[in-house]
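Chemist: Here is my input, please return the structure:
(one chain, ligands or ions: 1)
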Amino acid sequence: MLLACFLLVLILALSQPAHAETSKKAIVTTAVLNVRTGPATSYERIGTVTENTVLPVLAEQNGWVQVRLLDGRSAWVCGDYVNVIDASPSLKARVTADVLNVRTGPSTNYDRIGTVTLGTVLPVYYNVGEWLLVDLPDGRSGWISGTYAKIEYPGHVAEGRQVVVDVDALNIHSGPALHHPVIAVVPRRTVADIVTEQDGWLQIKLSSGLVGWVAGQNVSVKPSESGEGGGIDPSAPLFGKVIVVDPGHGGTSTGAIGFSGLLEKHVVLDISLRLAAKLSDAGANVIMTRKGDWTVSLESREIVANSANADLFVSIHANAHINPLIGGTETYYYKGKAASSASYRAAAQIQSELVKALGLRNIGVKHGNFHVIRETNMPAVLAEIAFLSNPAEEALLKTADFREAAARAIFAGILNYFRY
Ligand SMILES: [Zn+2]
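Modeler: Have a look, this model is predicted:
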C-alpha cells in the first residue's frame, strides 16, 4: 500500500507538465529546508535546500510554494520558510569596484559564481544586510557585497555629480531607453553633469547645454578630489559612520493598516529609502535591513546591526490606535542597555526635528521595550512618524511631500546627534 502510494506520487510528479516560471522568486530563510513532491508534509521529501538559496516560483497553493530546483526539477516547499518576492526589482546598484565577485549567498563564505565590473548597473531584488541579491546580465541571480556597489535610489537626483564617458563613442538618446532617437554622439573622456537617473539610464547635461540620456554602464561617476565618499569632506559629521536604517515590517508583516487601507510596511519603506539616500550622500555607510517589500525577522535585523558594528540604528514605523482621533509623533529608545544614554540623545534629536518639520502633536521621547532597540548593541531608536489610524494623518502619510519631510527631519536629527 505504501509502495503503491509512493509510485502514484512519483508518477504524478513525473507526469507534471513543465511549468512556466512566474515573475516571483523564493528565497530560503531557514538553515535547511525540505523539498517535497506536493504541497503538504504528507508528500515525499525528495531533498533539501539551504538558507539563502534563490529559486524561481512556479505556483503557490495553501501556504506552499512550488519552485524550480537548481537541478531543473520542480518541487514544493513550505511557505513559512521562504520569502516570496516579486522579481520586479525595486532598486538598482552600480558597481564601484574594478572587479566585484558574485557569490551564491550573502557572505564571502559562499562560492564565487562570476564577477561584474566597474560601472555595471544591476537590478536589486533583495538584501541581507549589506549583501545584495542581483540579477546578472546573463539572467542568473547572485549576491554582491554592497560595500562595492552604490545603490541608486528611485527618483533620487545625484546632485552636483558628474560622469565621464567610458567608451570611444557614446550615443546620447532623447529618452531613457535604446529605442529613443540618438541626438548626439560624444567621445571618450567627455565630462557631463548628472541631471537625474532612471532605470539604469542617466540624464546628463553637456557643457554645450545639450541634455540627453545615456546608458549607465557606458559612463562612470567622476571620482571627486577627496576620493572616497563622492566628494564628501572626511571631516563631515556623517563621514564613514555606519548607520542601519530599519524600515519596520515588510512582506507578510503589513504593520498597521490605515483608516482607508494604507499599509505601514509601504509607507515606512518609502521614508527609509529617502532617508538612506540622504545619509549616503552625506558620506555615511548606510545598511538597510530591507530594501523592498519582503519579510525580515526581528532577529535578523538585530544580527545585521550587531555584526556591522553600526554607530546608530534607526527603525522607522507608523503608529496606530483604536481611537481614530489619536495622532502625533513619538520616538522610542531602550533604557536598560549600555548605549541607553546615547540612544536617548539620538531619539531626542530625531523627535525634535520630526515635530518641528511635521507639526503634529509631540508625544515625546519614550522608553520602549522593542526587540530591535533592545537587542542591538549600539545606540538605537524607533520613530513612530504619525498615526495611520488617524484619517488626517493617514492622508498626510500618503503624500510624497510628507514622507520627504519626515526623511529630511530624521536626517537632520541624525546629523545633530553626531555633531553634538
Ligand atoms: Zn510598526
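Chemist: Residue 350 looks like it's in a helix, true?
Modeler: Yes. Secondary structure of residue 350 (DSSP: H, G, I helix; E, B strand; the rest coil): part of a helix.
Chemist: Now do it: how many residues are near it, please.
Modeler: Counted by other C-beta atoms under 10 Å, the residues lying close to residue 350 total 28. Where you see a C-beta, it was placed from the backbone N, CA and C, and this is true even at glycine.
Chemist: who's in contact with it?
Modeler: With contacts defined as C-beta atoms under 8 Å, 6 or more residues apart in numbering, residue 350 is in contact with 314, 331, 381, 383, 409-410, 413-414, 417.
Chemist: and which of these is nearest to the ion?
Modeler: Closest approach between the contacts of residue 350 and the ion, by C-beta to the ion: residue 383, at 10.3 Å.
Chemist: Give the bridge partners for the closest one, please.
Modeler: Counting by DSSP bridges, residue 383 is bridged to residue 316, residue 331.
Chemist: Could you measure from it over to residue 315?
Modeler: For residue 383, the distance to residue 315 equals 7 Å [C-beta to C-beta, to the nearest Å].
Chemist: now do residue 248
Modeler: According to C-beta to C-beta, residue 248 stands 6 Å off from residue 315.
Chemist: With residue 28 instead?
Modeler: From residue 28 across to residue 315, the span is 25 Å (C-beta to C-beta).
Chemist: and those two? which has more neighbours close in?
Modeler: In this view residue 28 and residue 315 are compared by other C-beta under 10 Å, and residue 315 has more residues nearby, 28 against 22.
Chemist: Would you confirm that the more buried one contacts residue 385?
Modeler: No. Between residue 315 and residue 385 there is no contact under C-beta atoms under 8 Å: 11.2 Å.
Chemist: Name the nearest residue to the residue in the chain positioned nearest to the ion, ignoring sequence neighbours.
Modeler: Closest approach between the chain and the ion, counting by C-beta to the ion: residue 317, at 3.5 Å. Spatial nearest neighbour of residue 317, chain neighbours left out: residue 248 (4.1 Å); criterion: C-beta to C-beta, 6 or more residues apart in numbering.
Chemist: what number of residues lie near the one you found?
Modeler: Residues near residue 248, counting by other C-beta under 10 Å, number 27.
Chemist: shared neighbours of residue 248 and residue 315, which are they?
Modeler: Common contacts of residue 248 and residue 315, defined by C-beta under 8 Å, 6+ apart, comprise residue 382.
Chemist: quick check: mean pLDDT across the host helix or strand of residue 213?
Modeler: Assigned by DSSP states H and E, residue 213 belongs to strand 211-215. Confidence for strand 211-215, expressed as mean pLDDT, is 91.
Chemist: Would you mark the buried spots in that strand?
Modeler: In terms of neighbour count (16 or more other C-beta atoms under 10 Å), strand 211-215 has its buried residues at 212-215.
Chemist: Also stretch 240-258?
Modeler: Neighbour-count burial for stretch 240-258, counted by 16+ other C-beta under 10 Å, picks out 241-250, 255-256, 258.
Chemist: can you give me the strands in the stretch 101-250 of the chain?
Modeler: Using DSSP state E, counting those that start in this stretch, the strands of the stretch 101-250 of the chain run over 112-117, 121-128, 131-135, 141-145, 149-152, 162-165, 169-173, 182-187, 191-198, 201-205, 211-215, 219-221, 242-247.
Chemist: Parallel or antiparallel, list what pairs with the shortest one.
Modeler: Partner strands and pairing direction for strand 219-221 (DSSP bridges) are strand 162-165 (antiparallel).
Chemist: And for the first one?
Modeler: Counting by DSSP bridges, the strands paired with strand 112-117 are strand 99-103 (antiparallel).
Chemist: what does the last one give?
Modeler: As defined by DSSP bridges, the strand partners of strand 242-247 come to strand 285-288 (parallel), strand 312-319 (parallel).
Chemist: now do the third one
Modeler: Strand partners for strand 131-135, identified by DSSP bridges, are recorded as strand 121-128 (antiparallel), strand 141-145 (antiparallel).
Chemist: Quick one: distance of that strand to the chain centre.
Modeler: On the basis of C-alpha atoms, centre = their mean, to the nearest Å, strand 131-135 sits 10 Å off its chain's mean C-alpha point.
Chemist: List the buried residues in that strand.
Modeler: For strand 131-135, the neighbour count (16+ other C-beta under 10 Å) marks 131-135 as buried.
Chemist: Need the contact partners of that strand.
Modeler: Residues from elsewhere that reach strand 131-135 (C-beta under 8 Å, 6+ apart): 27, 54, 87, 89, 93, 102, 106-107, 122-127, 141-146, 149, 151, 291.
Chemist: Of those, grab the buried ones for PyMOL.
Modeler: For the buried members of the contacts of strand 131-135, the matching PyMOL selection, counting by 16+ other C-beta under 10 Å, is:
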select buried, resi 27+54+87+89+93+102+106+122+123+124+125+126+127+141+142+143+144+145+146+149+151+291
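Chemist: give me the number of residues near the residue nearest to residue 374 when sequence neighbours are not counted?
Modeler: Counting by C-beta to C-beta, 6+ apart, residue 374 lies nearest to residue 334, which is 4.6 Å off, once chain neighbours are set aside. A count of nearby residues for residue 334, using other C-beta under 10 Å, gives 24.
Chemist: Do you know the pLDDT at the residue of the chain closest to the ion?
Modeler: Residue 317 carries a pLDDT value of 98.
Chemist: what's the answer for residue 391, then?
Modeler: Note on residue 391: pLDDT of 95.
Chemist: what does residue 163 give?
Modeler: 81.
Chemist: what's the closest residue to it other than its chain neighbours in contact with, if anything?
Modeler: Of all residues not flanking residue 163 in the chain, residue 219 sits nearest, at 4.1 Å (C-beta to C-beta, 6+ apart). By C-beta under 8 Å, 6+ apart, the contact set of residue 219 is 119, 163-166, 170, 192, 202, 204.
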